[in-house]
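J.: What follows is a predicted protein model with its sequence.
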Amino acid sequence: MLRTAEHPGRRARLLTGALAIAALLAALMALWQTQFRPLARQDYCWGTWSEESGPFRGEAGGVRQRVSRESAPGPGRPHGQCTLSWRGSDPGNDHDGRSNGNSNGKSNSNGNSDKRWAERRLEVSYGTGPEAADERRAWLTGLFAGGDSPLPDALPGFVTASSGTLVLPESCDVRGRPSVVTLTGSFPDASPARTGRLLLDVANRAAKVTGCAQEARPLASPRAPGACAIPGIAGPGAASPAGTGSSEPDFETCALTATDAFRWAARFAMTARPRIVALFDGLTGDTPPAPGWRAHGRIEATGALIRADCAGRPTVFTMRTGPGRTGTRADDPRRAFPAFVDAVAGRIGCAPLRSA
């Protein structure tokens, strides 16, 4: 039988094509593994959680379309990001297809709806924040935007049902700035206690993979915010703005709202927890906010920040005005902030910070 010799040029073209396809497949696999990590990946957020733990726990109806985008911390890399998105069964949807949330259910042949799925999302950040003073003040304002429940056991952080912040130990500082882990999102059974546990999970993982600190102790349940009052500004009575917050020996908050409970007018905070105080290093200057003050900082039309020595402890007091500002003395920093400082200083045994 006669055989026709294969043309050398054709063999070369086939080999070149095969190599190109192999290179493309390798590139796509690398992209899939490093950027988009769906259900086949067994752990999430730098190895913090598995498929059945952390934010996925409590999804009684199961989880689908799980995707993670991560930038992991490590030795010599003290920063990272993680964004998780997935769909969980939505308990707000019933079987006849009515829904009170976002869903993508499909009707079956009987006209009833299949199981519906709600969108979930979780974002984690680990880093030191900006260095420039103005940018850092804005960053801290964002951190404290919902910080009305301090973490228990004097841990340096605070939580809400859907967000949390934790400052890592001094051994994790980078160029003199504290490292911070933040977490925000929407997940089933959200509460300050659950958010705090998720926050501690990912903070411990960040400290472990960077080698900067030992694991923190288990977290007790944070106290829920209660009513707060600032003498002469907020308190009982129809004419006073409503206030909610927390009061601990080294951490106190008070968020004021007027007629619109969803838009806060002003937020006040005091903290003497050393790692949180360290976030404000370099931001208060070395002059008093006004004559007669025993503190350093400033009081302006939209907010206030001072640092003082209270019973031997560096202590920070802040105030921020918000979108529900009423224009009354309750959210005027020049009048409300001194009243807040006087009240809190007296409660924590701090000598007066301003002359009468």
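T.: Structure's in. What do you need? Numbers count the residues shown, from 1 in each chain.

J.: Backbone dihedrals for Phe344, both of them.
T.: Heads up, residue 344 is Val, not Phe. phi -70, psi -40 (degrees, to the nearest 10).

J.: how about the nearest residue to it, chain neighbours excluded?
T.: Met270 (4.8 Å; C-beta to C-beta, 6 or more residues apart in numbering). (C-beta placed from N, C-alpha, C; glycine too.)

J.: just to confirm, which helix or strand has that neighbour in it?
T.: Assigned by DSSP states H and E, Met270 belongs to strand 264-271.

J.: What pairs with that strand, parallel or antiparallel?
T.: strand 251-257 (antiparallel), strand 313-321 (antiparallel) (DSSP bridges).

J.: got the contact list for that strand?
T.: 144-145, 147, 230, 241, 245, 250-258, 277, 315-326, 330-331, 333, 336-337, 340, 344, 348 (C-beta atoms under 8 Å, 6 or more residues apart in numbering).

J.: ditto for stretch 273-282
T.: Here stretch 273-282 has contacts from 129, 133, 140, 143, 150, 154, 156-157, 167-170, 176-178, 180, 250-251, 271, 305, 307, 313-316, using C-beta under 8 Å, 6+ apart.

J.: Arg64 contacts Arg87, correct?
T.: Yes. With contact defined as C-beta atoms under 8 Å, Arg64 reaches Arg87; the gap is 4.9 Å.

J.: how much space between the residue nearest to Val344 and Ala336?
T.: 14 Å (C-beta to C-beta, to the nearest Å).

J.: Residues that sit against both of these two, list them.
T.: Joint contacts of Met270 and Ala336 (C-beta under 8 Å, 6+ apart) do not exist.

J.: Looking at Arg64 and Arg87, which is more packed in?
T.: Neighbour tally, Arg64 and Arg87, criterion other C-beta atoms under 10 Å: the higher count belongs to Arg87, 21 against 14.

J.: follow-up on the earlier one: hey, what's in contact with both of Arg64 and Arg87?
T.: Common neighbours of Arg64 and Arg87 (C-beta under 8 Å, 6+ apart) are Trp117.

J.: got the contact list for Thr48?
T.: So Thr48 contacts 54, 201-202, 205 (C-beta under 8 Å, 6+ apart).

J.: and with 10 Å instead?
T.: 54-55, 82, 124, 198, 201-206, 208-209 (C-beta atoms under 10 Å, 6 or more residues apart in numbering).

J.: Can you report how many residues neighbour the spatially closest residue to His79 that is not a sequence neighbour?
T.: For His79, ignoring the flanking residues on the chain, the nearest one in space by C-beta to C-beta, 6+ apart is Gly127 at 3.9 Å. Neighbourhood size, Gly127 [other C-beta under 10 Å]: 18.

J.: any idea how far Gly127 is from Gly157?
T.: For Gly127 relative to Gly157 (C-beta to C-beta), the value is 15 Å.

J.: Surely Val124 and Thr165 touch.
T.: No. At 11.3 Å, Val124 and Thr165 do not qualify as touching, with contact defined as C-beta atoms under 10 Å.

J.: Need the overlap of contacts for the two.
T.: Listed as contacting both Val124 and Thr165 by C-beta under 10 Å, 6+ apart are 181-184, 199, 203.

J.: what's the most distant pair in the residues you listed?
T.: Greatest spatial distance in the shared contacts of Val124 and Thr165: Thr184 and Ala203, 14.2 Å, computed using C-beta to C-beta.
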